[in-house]
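>>> could you work out the structure for the sequence below:
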Amino acid sequence: MHDLEKENRVNYLANILLKSSKINNYNDMENKEAWTLAHSFNDLEDSFKKVLTELFPKLRNTEIQETEINDLLLDIGEEFRHIIYHIKDPKFFKYLFDSD
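Numbering: from 1, shown residues only. Model (predicted):
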């Protein structure tokens with residue numbers, strides 16, 4: 001996806017999310033929560049697609065070698081790290097990690 005297309009997707013979604021007073025309650029002087037959520041959702045969608053359509057299918061390959069498995073598991077872990085970051089980043093979803 002090109003940067004302009006990504007920016008357009010984020011802008012489109014942020015403008016929809018700006019309609020929510022619950023989301024806007026998390027705004028501060030520097031950031032609008034709708035934009036944070038829109039950016040996070042866009043990146044989450046990309047990461048989920050990568051895990052589901054690229055990484056997991058490689059793991060199912062019966063010809064895969066041990067070193068490839070280890071490298072692939074590291075790649076999956078890094079995508080999971082990215083996913084966790086984008087779930088934790090918005091203030092709106094902080095309640096999900098209250099027990100951490």
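>>> got the buried residues for stretch 27-45?
32-43 (16 or more other Cβ atoms under 10 Å). In this view, the C-beta of every residue, glycine as well, is placed from N, C-alpha and C.
>>> point out where the chain drops to low pLDDT.
Of all residues in the chain, those with pLDDT under 70 make up the ranges 1, 100.
>>> spatially central residue for it, please.
Residue closest to the average C-alpha location in the chain (Cα atoms, centre = their mean): L44, at 2.2 Å.
>>> which residues outside the one helix or strand that residue maps to are in contact with it?
Assigned by DSSP states H and E, L44 belongs to helix 33-50. With contacts defined as Cβ atoms under 8 Å, 6 or more residues apart in numbering, helix 33-50 is touched by 1, 6, 9-11, 13-15, 17-18, 20, 23-27, 79, 82-83, 86-87, 89-92.
>>> these, buried ones only, as a PyMOL selection?
The command below creates a PyMOL selection of those among the contacts of helix 33-50 that count as buried (16+ other Cβ under 10 Å):
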select buried, resi 9+10+13+14+17+18+23+26+79+82+83+86+90+91+92
